[in-house]
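**Student:** no sequence on this one, just coordinates:
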């Protein structure tokens, strides 16, 4: 049957698809906060019921943390590929709540300068993206009576809290989850109207430390001067992480980093990315990373060391004249190329410990979270088939892009399941994911559904 009939069905059913997405967005599935354990379970149950309504054998699987949702549907009798589709149904916390212009869990359709958008936590990351695939399958099955190939649905509930249950679950269920190719929807378009397939993405290293000074908080009148102030010392150490050109000054930090090949760099330069718009959208006038690299190269192909949290001392109203006993720092590194997370962690920690003053000590968080960068196998014919499908939907040549974010699951699929991954998503850089007023363009949702229908149709015949 022609793909046009499926696309027409998608167009006709967009209001109903939007209603389903809104229902899922109303569930506050914040995985990192124990107070939201119940709603996170509720979101998993909602997805199970929705998949079952499509005739998919789906169930909620318990883990030590939040549950996984797994569903299976058989393909046609004459074979075809087996695809594993991954998305996550948990969301980030909404803090600071006062910066939201509407209730983050009462999603709204709003008209903005960027067009019509779906406003609410999880709209872009990742519930809206996840549902583009589900809705494509819904339309495909309604029109044809079945899906074009064998598909395993795999929805995670802990992506936004470090995926502590993911690796054990993959190992325990490797036989069931193995497929020919993994599809991952938690990505974005390189620029508005330009469909993208991520060819590489950065890895991630997280760490946290506490700098200890005096035995207790001290009166700043008694010890101001002779007393060691942990906030001052931690600030000095943090300032030493980078030199005046924006380059990370940790010894050995760039081991395993490679320059972008000229032919790939040329493709990136012509992929439709507008550096000025990208920077201006968040109030910047220039890139602030390593000198000598464009914003796009800094985002896709250069490693970083970022300070994500810094605190200590009195945080309440008014003034409390103390020298705090401790100061705290959270940091993350984005990894590229062949950078090894464990080796890099040792280098960063040595940098801190070598700069501790007398009478100070440091303790480190023992939750050793890190994953290497991932590079996709573009020689597989499925990638060109998907690129053609996206090009047809968006009336613009789809591009193989880099990606600044980290999606560790792609590496885990390769390491544990032996699966190559294809990353296709329809988020925009201004979607404010992880921030107040997150949104997802209605066009991204609508054309995302149509795109996945086309991609599935193409992949089924590769």
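**Tutor:** Yes, it's here. Nothing here was measured: the structure is a model prediction, and the numbers come from that model.
**Student:** Which pLDDT value goes with residue 402?
**Tutor:** On pLDDT, residue 402 comes in at 88.
**Student:** OK, contacts around the residue lying closest to it once chain neighbours are set aside?
**Tutor:** Closest residue to residue 402 apart from its sequence neighbours, by C-beta to C-beta, 6 or more residues apart in numbering: residue 300 at 2.9 Å. (Each C-beta comes from the backbone N, C-alpha and C, glycine too.) Taking C-beta atoms under 8 Å, 6 or more residues apart in numbering as the contact definition, residue 300 lies against 200, 202, 268, 401-404.
**Student:** secondary structure class for residue 300?
**Tutor:** Using DSSP: H, G, I helix; E, B strand; the rest coil, the structure places residue 300 in helix.
**Student:** ok, it to residue 190 distance?
**Tutor:** Separation of residue 300 from residue 190 (C-beta to C-beta, to the nearest Å): 9 Å.
**Student:** same thing with residue 132?
**Tutor:** Distance from residue 132 to residue 190, by C-beta to C-beta: 17 Å.
**Student:** Show me where the stretch 101-250 of the chain has its strands.
**Tutor:** For the stretch 101-250 of the chain, applying DSSP state E, counting those that start in this stretch gives strands covering 108-112, 115-119, 150-156, 181-184, 196-201, 203-212, 218-219.
**Student:** For the stretch 301-450 of the chain, which residues score under the pLDDT cut-off?
**Tutor:** Scanning the stretch 301-450 of the chain for pLDDT under 70 picks out no residues.
**Student:** ok, which stretches of it are helices?
**Tutor:** For the stretch 301-450 of the chain, the helices defined by DSSP state H, counting those that start in this stretch occupy 341-353, 381-394, 408-412, 442-459.
**Student:** Mind checking those for the one nearest to residue 56?
**Tutor:** For the helices of the stretch 301-450 of the chain, distance to residue 56 was read as C-beta to C-beta. The smallest value, 14.2 Å, belongs to helix 442-459.
**Student:** Mind giving me the packing neighbours of the closest one?
**Tutor:** Applying 3 or more C-beta pairs under 8 Å, 6 or more residues apart in numbering; DSSP states H and E, we find helix 442-459 packed against helix 3-12, helix 14-25, strand 115-119, helix 127-144, helix 381-394, strand 421-424.
**Student:** Can I get these in TSV including distance to residue 260 and mean neighbour count?
**Tutor:** As requested, the helices and strands packed on helix 442-459 are exported to TSV (distance: least, C-beta to C-beta, whole Å; neighbours: other C-beta atoms under 10 Å):
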stretch	distance to residue 260	mean neighbour count
helix 3-12	36	16
helix 14-25	37	17
strand 115-119	33	20
helix 127-144	27	24
helix 381-394	19	19
strand 421-424	18	25
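**Student:** Reformat the ones you listed as TSV; add distance to residue 272.
**Tutor:** Shown next, in TSV, are the helices and strands packed on helix 442-459 (distance: least, C-beta to C-beta, whole Å):
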stretch	distance to residue 272
helix 3-12	24
helix 14-25	26
strand 115-119	17
helix 127-144	20
helix 381-394	11
strand 421-424	16
